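1. Quick one, structure for this:
(2 chains)
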Amino acid sequence: MAREIIHAGLANRSFIDRATTGFDEYAASVEAFTLAEGERLTGVPAAVIREAAHAYARADRAMICWTLGITEHHTAVDNVLSLINLSLLCGHVGRYGSGVNPLRGQNNVQGGGDMGAIPNKLTGFQDIESDAGARARFEAAWDCTIKPRYGWHLTQMFDAMERGELRTLYVIGENPAQSEANVHHARKLLDGLDFLVVQDILLTKTAALADVVLPSAASWCETEGTVTNSERRVQRVRKALDPPGEARDDLWILAELARRLGRDWGQPTAAQVWDEVRALSPMHRGMRYDRLDALGGIQWPCPDEEHPGSLRLHERLWADPVEGPLAPFSVVEHRPPYEALDASYPIRLTTGRRLESYNTGVQTNLYRSPLHRGESLDLSPEDAERLLVEEGEIVRVSSRRGAVEAPVRVDRSLRPGLAFMTLHFPDQVDSNVLTVDVTDPKSGTAEFKAAAIRVEKIAPAEGAAKATTTEPAWTSS
Amino acid sequence: MVEFEVDGEPVKVFEGQTILDGLRKKGIDTPTLCYGETLRPANVCRVCVVEIEGARVLAPSCSRKAEPGMKVRTDSERVRHSRRLVLEFLASSTDLSTAPEAEAYCAEYEAAPERYGPPAPPDPDRDRKRAGHHLEPDGLTAATVYAPVKVDNELYVRDYSKCILCYKCVDACGDQHQNTFAITVAGRGFDARISTEYVVELPESACVYCGNCIAVCPTGALMFKSEHDLRAAGEWDAEGQTVTTTVCPYCGVGCNLDLHVQDNRIVKVTSPADHDVTQGNLCIKGRFGFQHVQGP
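-> Predicted coordinates for the structure are as follows:
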């Protein structure tokens, strides 16, 4: 698309010249990718690539939104940089109705990062290594010493378990025993830990492996707090229900744990914790609780109590002259999926989600959705015909890491050579046994979207016996 | 700004706003049924009509744009008479027992739907009526749109005995909100009804169970199955419920959920129509995916 936009004279030259750097190197790097080459690499017809390129470049306003189809590859960061390059090429950034927008998959992915639940930043994206001033403010507030050193992200933690350096794990609200790529391997590592604590609202498969399970209240309806959505809008969540049994608020559990480890934090309320966030994170400073209520949430940065919040980032690129640093183009190399297709594993498997379900199905398999249809291996009509398999037939699906059995569903929207599965019903079909745990070197995200698989028929009697397991869990209750 | 007159008093609204906007600004109670804050006016129920000086016919205030100098009457005998007849026709032919405002409207306008006779019983063939099939009423009963309740899934029920054909569900399912187009109006005249394609049950239809049709339904014809079951058991307790606004857990859009809770159980989920993020709309997970916090 970029080469076509440049050659068709549709690049926004005045924006590029004023607000960006590195255009010449970028233009040279995409030169080899003609429409024909694009079609050869992707299977998308050249005319369609051209149409998309022209529509995007000619639009008054255009936005690129993406989800895990871009980021669950070993080229995750490069894929995102490619989209940013496109937006810079056309000047579709920092203006009303334009921009690049990663749609988050959970209600607080953004907020988790904002709050510092990432290995390299303190609350408000203040760098642990390089921002000594921020470190000092947190040290004063918390009465402790913060080492200027990045921690591990999830993938690095599993690597550290493999090396035997990480022996204890405390998991809050995640189900890695079913959600990790190459899940047999992940489960083995979790199983081999000295000590595993799981804090969750339901007894997940990960919790079943744990030495200690801390039952917690559901954060979206049984406790108070805030979450931050994809557009950086901080909103309050509120307690509508009393949690069941002995389940406790996450905040209560953490404060109790701290007390027993020798730090008495008292029992802070969510509002008190939020006020601490506001005191330490400049971009949240103006977000008083009553303002969050009155304004229906506030988008960061919101530096003071008069500030209405920020609808858009990067508007500075349109100031004349540009305020702050120019936006760099990034030269990105094309790299195909890690696992090449070959005679043994000739079909590309991509995994994803369906509308009515959510991740490993811990929550969503419990409501009676008419849209639930259990797991299936979705194949193109051409592949189903070639493999002599029929709709509903149980087949064996194998990758280099393991095999599962799943019923076939023929999907006309798939092209030959491409198969699809979800991760929603791991108790029925453990799809992540198949996925490849090679990761993006920068983000650590695994390549859930591109494994190489083989599909085989299995003996009729064996297949018939398995067919009863394809119903979602609730139908048997 | 546009200045016009309501019942002899001046009122100002922004250009493009309707007479109804002016009436609400003045605090004049105006009945509405087919009007929805998040939808384009369908103009079908006629219960909000007003009299405009110099106009031959009454005008629906929900859709008629305010014009400078307009003289509007909201409480004339003609307006009251028209509203009364509309309410009587609707209330005699449909079951308005779960339409929140119907009782108060009927009292205000002295509507007496019972004078049309006892209601005709449900017609199991109503969904299959074709244009021209309609039979002459016998005069002993009030003609009704009554039909058996449709319970064909575990999430929501459709009781078209309560349907006033306001089109809001069709508009919400179609190009105004959801763009799913699972339902439309089938049939003509008094036989008109809301239908899926070929009258298939919901699980066979294009429905994606967002429930945005339930959210806009003014009469309770579309209802959470949890509410329907509690009402059937005589256990629905609207006064005893709390409504708490929170944020959906299922993705990063940040839709606001209003959780309607009775006896520490979620019995219904709505979304505030005036919130910036989705203007009252949700998807199946946000609307119905709460079972995991309350067991079977």
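
2. Let's test this: mean pLDDT of stretch B:221-232, rounded?
-> For stretch B:221-232, the mean pLDDT works out to 97.

3. which other residues reach stretch A:131-141?
-> A:122-123, A:126-128, A:145-146, A:148, A:276, A:279-280 (C-beta atoms under 8 Å, 6 or more residues apart in numbering or on different chains). From N, CA and C alone the C-beta is placed, and that goes for glycine too.

4. Whichever of the residues you listed end up buried, select them in ChimeraX.
-> This is how ChimeraX selects the buried members of the contacts of stretch A:131-141, with burial counted by 16 or more other C-beta atoms under 10 Å in any protein chain shown:
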select /A:122,123,126,128,280
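
5. Just the residues contacting stretch B:224-237, thanks.
-> When contacts are defined by C-beta under 8 Å, 6+ apart, stretch B:224-237 is touched by residues B:98, B:149, B:151, B:153-157, B:159, B:211, B:214, B:223, B:262, B:266-269.

6. can we see that at 6 Å?
-> Stretch B:224-237 has contacts (C-beta atoms under 6 Å, 6 or more residues apart in numbering or on different chains) with B:155-157, B:262, B:267-268.

7. got it, and stretch A:183-203?
-> For stretch A:183-203, the external contacting residues (C-beta under 6 Å, 6+ apart) are A:158, A:161, A:167-173, A:176-177, A:180, A:206-207, A:209-214, A:216, A:218, A:362, A:402, A:432-433.

8. list the buried ones in the longest helix seen in chain B?
-> Determined from DSSP state H, the single longest helix within chain B is helix B:77-93. Residues B:79, B:82-84, B:86-93 are the ones in helix B:77-93 that count as buried (16+ other C-beta under 10 Å).

9. Equivalent analysis for stretch B:20-36, please.
-> By 16+ other C-beta under 10 Å, the buried positions in stretch B:20-36 come out as B:20-24, B:28, B:30-36.

10. Now it - C-alpha only, PDB.
-> Only the C-alpha atoms of stretch B:20-36 are listed here, as PDB (Å, rounded to 0.1, in the frame of the first residue of the first chain):
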ATOM      1  CA  LEU B  20     -40.600  18.300  21.800                       C
ATOM      2  CA  ASP B  21     -37.200  19.600  22.800                       C
ATOM      3  CA  GLY B  22     -38.900  23.000  23.500                       C
ATOM      4  CA  LEU B  23     -41.600  21.300  25.500                       C
ATOM      5  CA  ARG B  24     -39.100  19.400  27.600                       C
ATOM      6  CA  LYS B  25     -37.100  22.600  28.100                       C
ATOM      7  CA  LYS B  26     -40.300  24.200  29.500                       C
ATOM      8  CA  GLY B  27     -41.000  21.200  31.700                       C
ATOM      9  CA  ILE B  28     -44.300  20.400  29.900                       C
ATOM     10  CA  ASP B  29     -45.100  16.800  30.400                       C
ATOM     11  CA  THR B  30     -45.600  15.200  26.900                       C
ATOM     12  CA  PRO B  31     -46.400  11.600  26.400                       C
ATOM     13  CA  THR B  32     -44.100   9.700  24.100                       C
ATOM     14  CA  LEU B  33     -43.900   6.000  23.100                       C
ATOM     15  CA  CYS B  34     -42.200   5.600  19.700                       C
ATOM     16  CA  TYR B  35     -39.800   8.500  20.400                       C
ATOM     17  CA  GLY B  36     -36.200   7.400  21.400                       C
END
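
11. and that stretch, how far from the chain's centre?
-> The chain centre lies 15 Å from the centre of stretch B:20-36; the measure is C-alpha atoms, centre = their mean, to the nearest Å.

12. what's the answer for stretch B:226-237, then?
-> 20 Å.

13. which element is the spatially most central residue of chain B on?
-> What sits nearest the mean C-alpha location of chain B, by C-alpha atoms, centre = their mean, is residue B:218, with 2.2 Å. Under DSSP states H and E, no helix or strand contains residue B:218.

14. Residue B:31 is in contact with that one, correct?
-> No. If you go by C-beta atoms under 6 Å, residue B:218 and residue B:31 don't touch, sitting 10.7 Å apart.

15. ok so, going back, filter the contacts of stretch A:183-203 down to the ones near chain B?
-> residue A:218 (C-beta under 6 Å from any C-beta of the partner chain).

16. Just give me the neighbour total for the closest residue to residue A:270 other than its chain neighbours.
-> Closest residue to residue A:270 apart from its sequence neighbours, by C-beta to C-beta, 6 or more residues apart in numbering or on different chains: residue A:224 at 3.9 Å. Look at residue A:224: counted by other C-beta atoms under 10 Å in any protein chain shown, it has 18 neighbours.

17. Go through stretch A:35-47 and flag the buried ones.
-> Buried-residue list, stretch A:35-47, by 16+ other C-beta under 10 Å: A:35, A:38-39, A:46.

18. mind listing which of the residues you listed are in helices?
-> A:35, A:38-39, A:46.

19. State the pLDDT value of residue A:344.
-> pLDDT recorded at residue A:344 is 96.

20. so where's the stretch 101-250 of chain A shaky on pLDDT?
-> Counting by pLDDT under 70, the stretch 101-250 of chain A shows no low-confidence range.

21. Show me the helices in it, by range?
-> Assigned by DSSP state H, counting those that start in this stretch, the stretch 101-250 of chain A shows helices spanning A:109-114, A:132-142, A:154-163, A:176-179, A:183-191, A:205-208, A:250-260.

22. just how off-centre is the first one within its chain?
-> I take that to be helix A:109-114. Remark: helix A:109-114 is offset 11 Å from the chain centroid, using C-alpha atoms, centre = their mean.

23. what's in contact with it?
-> For helix A:109-114, contacts defined as C-beta under 6 Å, 6+ apart pick out A:104, A:227-228, B:252.

24. now, the most widely separated pair of those residues?
-> Maximum pairwise distance among the contacts of helix A:109-114 (C-beta to C-beta): 10.0 Å, between A:104 and A:227.

25. Looking at those two, which is more packed in?
-> Set residue A:104 next to residue A:227 and count neighbours by other C-beta under 10 Å: residue A:227 wins out with 27 against 21.

26. The more buried one: what's it in contact with?
-> A:107-108, A:111, A:237, B:247.

27. Neighbour-wise, which one of these leads?
-> Neighbour-wise, these (other C-beta under 10 Å) top out at residue B:247, 28 neighbours.

28. That one touches residue A:235, doesn't it?
-> Yes. Residue B:247 is in contact with residue A:235 according to C-beta under 6 Å; the separation is 5.1 Å.

29. Now the common contact residues for these two.
-> By C-beta under 6 Å, 6+ apart, residue B:247 and residue A:235 have these common neighbours: residue B:254.

30. and the stretch 251-400 of chain A, which residues reach chain B?
-> Where the stretch 251-400 of chain A comes near chain B, counting by C-beta under 6 Å from any C-beta, the residues are A:296, A:356, A:358, A:363-364, A:366-368, A:370.

31. go with 7 Å
-> A:296, A:355-356, A:358, A:363-364, A:366-371 (C-beta under 7 Å from any C-beta of the partner chain).
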